[in-house]
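>>> Show me the folded form of this:
(3 chains)
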Amino acid sequence: MVTVHPPPGTGSYGVQVAREAIRRSWVLVSALDERGVEEARTWGADVIVLDLEESVHDSRKTEARARIGEAISALAQGGTEVFVRPDIELLYADLEAGIVPGLTGVVLPTVSSAEQVREADGIVDAFERQRGLPGVVELHLALETAEGSLHAMEIIAASARVRSVSLGRADLVMDLRPEPNGELHMMPYLLQRLVTVARAGGVEPIGAWWDADSRGMLASPEATLRAARRARRHGFRGGMGVGASQVDPLNAGFTPDVAEVARAAVLVQAFETARARGERWGLEQGQIVDAARAETARRVIAHAEQCRGRDERKQAAATAAGHE
Amino acid sequence: MDVRRSVLFMAINNPRFLRGAARHNCDGVILDLEDALAERDKVRSRALPRTAYAEVSRGGATVQIRINHMYWEADLDAAVWPGLSVINFPKAEFADEIRRLDRRIGELERLRGIRPGTIEIQASIETVRGVTNGYEIASASPRVRIFGGGGMGYDVCRDLAVETLPGVARATDYYGIGETGLVARALGLHCVNGVRQGTGVTGDVISGDTAFDEATANRRAGLYAGITCLHPNRVDGINRGYTPTPDEVQHARDVLELFEKLDGQGEVAGELNGQPVDKWEAARARKLLEWSDACARREREKAAARQRLAAAADPAS
Amino acid sequence: MAEFIRRSYLVVSPLDEPAVERAWTHNADAITLDLHSLPAAQKGRARARIHEQLAGLGRGGAEAFVSISQAHLYADAEVAVWPGLAGLVIAHPERAEQVQEADEAVTELEKRHGVGAGSVEIVLLLGTAKGVLNIREIVTASPRVTTVGLDESQLLMDLRLLPSPEEDPLGFYARGRIVLEAAGGAAELHGHHGVYRLGLGYPLSSFPKMDASADEVRTAAKDGKELGFNGALCWAPEWVEPCNVGFTPTDEEVAYHRSVREAYAAAVAMGRGAMAFEGGKFVERPVDELAKKILALRDQCDQRDAEKAAALERARLPRHAGIAQ
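From the prediction side, this is the model:
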């Protein structure tokens, strides 16, 4: 069920919802983690994902749901975007608690079918209408199961709210383990496939390329930086972590560095000079720089700009809130 | 949980191999009607399966048979007899092939007094079209319980008329293993794709040394479907490589114990010796213990079969 | 048996008259007049020359192609589909309909311009994620499609990534997909060999260096061959010979596969299905089948080289030195 919503960033009742192009660091915080929720706004993350799923024991779901609305509202004022991760088997109750002013999106875990996405879309839509919210809540799909990856194109197309996808905990869900060559069995294939599927479907691929022994998202800052850089070179735009110590490495790893931006400028120059002379393409250190390569370089420069803009906005919001 | 760690491969028309099969403690035996036979021997070899099954399974091995892709009808008629567990269908390329096999196997099961649905199909992916049609093939029949290509990189390269180079993994290997692995997992099938090895089924076929390493690498990567071996001296290494060690079993028990305690306390995660313990680790621990039990059960089955064999040979003992 | 041998597609700009003049001398299996890459403002001028240029391209035995853009399908095809054209290289298709439209346009032009009906082939260069995913419907959309490759800079743009030369961002998915879907997915249409594949090993494929050494190009071609590619686009004349060599089975490979065939024949003569061979390997029927294919490929390459050598001689050039081993 796809409905037409007001344009992003606007809303009724004066509720301003952040919607950013730059989402390099997505940090999971348990809805039960009072201190974590309190401190998360100071970490400098692009996105905080408040979790009602893996980190919340069944016996404490009610408690978590009771807390989450307020947590979202508090965090949404700090320049960070806020997502919620419901349990896919408890969608109605979790979203009932989480669809509140200030929420940017929903991370849908263990997605296996288009049916699940349609269900989620329908529930989000119903609560937004019921509560007079602007229709801006997005869906991020964690395609963590084999079925999710297999039917990815159909699943992504199941709702207009889908804006990004990831493999999430696919290595844990599908039990993919290290091979002697140091990679997790099938992960390189799944990661490159996801980037291709995401771009074909018009959504952003999110994910970090973890070393096999980093055990998913419990990695050191150094391992996180490596995983982020490697992922960015493969086309990923951000990655997920579980703690404060992963925020800076994720932000840094998913931001084009100074050397890259400088090189991109050189490539653009080489192409434009050649075109001014009426040639098909330019050469840079002997390598062909054609229109596509130049455009890719322009996008790197633009991307670096946007990252800078995002950092400035976060900084300003942090200063305004008195957290430095 | 089917335990087929080591599957000893032999041409069906070698009586010496058939007689010796029961000596080797392999979990399974695969009798070949296909490439291991000279073309001119294939017709007369069809008389052999009916009596061969009992002979090769005397040591407790389960029995598979590899038929010819082109002569599947005649081979099925020869192959579907009591004692058979799996039809290995090589170079599977289209769903229709599987459906036809399924139908005919069903008819033969009925005619020959085999419980309907007993015989499984292993759809063996060895060609380019096997990879590109993987999903259709794997989902064509509920008899397909095992899927993939044990020597896929090697086989697909040959289909592409490209040199095979031991130890070199290529774009087509990753893609073939990825596509078929994804299909197998999505459909809940056993996947015979191994960790890419420097040698395949027809690589280094003699050495027992690498057998343990290959099996261990597969198990560590979460792959349990077993390795087909050409030489008996690889059987033991393969069995051991696929079997959890006592230390690993103890560790799994510790993990589960801790997790159950945490769960009772309303907690989702903890730590054991600096390593995380959560529902994912608990699931892996459970899987390891199930597998370990299944391996032990398999060994007991084979031991009992061997005992019966010894008793039959010398009733006085 | 392959339908054709095209290991090297030399790419030249139609506006570079000296390059077009000399193109036939480089011993390329195919020559492509690159209309597609020209800036829009220059296409008109280039189109005016294509027809005439086509005639001279085959003097050294090369087959003639023209690369065209979908946005300019009719204007480009109009000037390209003339006697002497082997095929069109079409950039960045994403759906079967686009290929069908091109097929119909070509059919019409073949009739109008006196070109053999159905003779003009289509070579497709995929440049987007959608193209990679939809490859099967794309390559089977028309019987004219004989070859497919990747426009890597375009695809990398679509995937929005700046790779490093150390790691191939297409090596675990797209590259394998192209080879397998082309070889297998179109098999019903084109017979056993499916659709041919153009590509080189990484990083040269994504970082095309005009001044790459012969060794670098030959290695990239050999890597490409081992990946399952049959030939490659050559952006500089210096790439042609190394590509010809890299995509041809070597003398060592030929010797090896001959002995494989001998060993298998011996096994069969002894009534066996398999025979132990060097290095702990076994020679059985599939191994013999591969040997047959590789030996046949070498024969066809030799034939193609002989054809071109004869053509070059007729054009009164010193006989080309032939394939360097």
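>>> Distance of the closest residue in space to B:Glu136 that isn't next to it in sequence relative to B:Ala138?
Distances taken as Cβ to Cβ, 6 or more residues apart in numbering or on different chains put B:Ala95 closest to B:Glu136, at 4.1 Å, once the chain neighbours are dropped. Glycine gets a C-beta too; all of them are placed from N, C-alpha and C. Separation of B:Ala95 from B:Ala138 (Cβ to Cβ, to the nearest Å) stands at 9 Å.
>>> how many neighbours does the residue nearest to B:Glu136 have?
17 (other Cβ atoms under 10 Å in any protein chain shown).
>>> can you map out the helices along chain C?
C:17-22, C:40-57, C:73-80, C:96-113, C:129-133, C:135-139, C:152-158, C:174-180, C:187-190, C:214-227, C:240-246, C:251-269, C:285-314 (DSSP state H).
>>> Dump those helices to TSV, plus mean pLDDT and distance to chain A.
Listed next are the helices of chain C as TSV, based on pLDDT from 0 to 100; distance: least, Cβ to the nearest Cβ, whole Å:
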stretch	mean pLDDT	distance to chain A
helix C:17-22	96	11
helix C:40-57	94	7
helix C:73-80	97	15
helix C:96-113	98	15
helix C:129-133	98	4
helix C:135-139	95	11
helix C:152-158	97	4
helix C:174-180	96	6
helix C:187-190	61	23
helix C:214-227	96	11
helix C:240-246	98	16
helix C:251-269	92	27
helix C:285-314	93	25
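>>> Please name whichever of these is nearest to A:Val162.
Taking Cβ to Cβ, helix C:129-133 is the member of the helices of chain C nearest to A:Val162, at 15.8 Å.
>>> Not counting the closest one itself, show me its contacts.
A:153, A:195-200, C:92-95, C:126, C:138, C:150, C:155, C:158-159, C:174, C:177-178 (Cβ atoms under 8 Å, 6 or more residues apart in numbering or on different chains).
>>> which one is B:Leu84 nearest to, not counting chain neighbours?
B:Val63 (5.5 Å).
>>> That neighbour sits in which helix or strand?
Following DSSP states H and E, one finds B:Val63 within strand B:62-66.
>>> partners of that strand, with directions?
As defined by DSSP bridges, the strand partners of strand B:62-66 come to strand B:28-32 (parallel), strand B:86-89 (parallel).
>>> Let's have those in a markdown table, adding mean pLDDT and distance to A:Ala274.
A markdown table is the format used below for these (pLDDT from 0 to 100; distance: least, Cβ to Cβ, whole Å):
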| stretch | mean pLDDT | distance to A:Ala274 |
| --- | --- | --- |
| strand B:28-32 | 97 | 62 |
| strand B:86-89 | 97 | 57 |
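>>> Most tightly packed of those?
Comparing those by mean neighbour count (mean count of other Cβ atoms under 10 Å in any protein chain shown), strand B:28-32 comes out on top with a mean of 25.
>>> where's the residue lying closest to A:Phe127 once chain neighbours are set aside relative to B:Asp77, distance?
Closest residue to A:Phe127 apart from its sequence neighbours, by Cβ to Cβ, 6+ apart: A:Ile99 at 3.9 Å. Relative to B:Asp77, A:Ile99 is positioned 63 Å away (Cβ to Cβ).
>>> so A:Leu133 makes contact with A:Phe127?
Yes. Assessed by Cβ atoms under 8 Å, A:Leu133 is found in contact with A:Phe127 at 7.5 Å.
>>> who touches both of these two?
A:Ile99.
>>> Can you spell out the domain ranges of chain A, please?
As recorded under automatic domain parsing, the domains making up chain A are A:12-255, A:256-324.
>>> most neighbours per residue, which of these?
domain A:12-255 (a mean of 21).
>>> Which residue is the nearest non-sequential neighbour of the residue in chain B positioned nearest to chain A?
Closest approach between chain B and chain A, counting by Cβ to the nearest Cβ: B:Gly178, at 3.2 Å. Spatial nearest neighbour of B:Gly178, chain neighbours left out: A:Tyr189 (3.2 Å); criterion: Cβ to Cβ, 6+ apart.
>>> Am I right that the one you found is in a strand?
No. Counting by DSSP: H, G, I helix; E, B strand; the rest coil, A:Tyr189 is not found in a strand; it is helix.
>>> and it, what does it touch?
Here A:Tyr189 is in contact with B:Tyr174, B:Tyr175, B:Ile177, B:Gly178, B:Gly181, C:Phe172, C:Tyr173 (Cβ under 8 Å, 6+ apart).
>>> residues in contact with the second one?
Looking back up the chat, that one is B:Tyr175. A:Tyr189, B:Val131, C:Phe172, C:Tyr173, C:Arg175, C:Gly176, C:Arg177, C:Val179, C:Leu180.
>>> quick one: secondary structure of the second one?
Just to be clear, that refers to B:Val131. For B:Val131, the assignment made with three-state DSSP gives helix.
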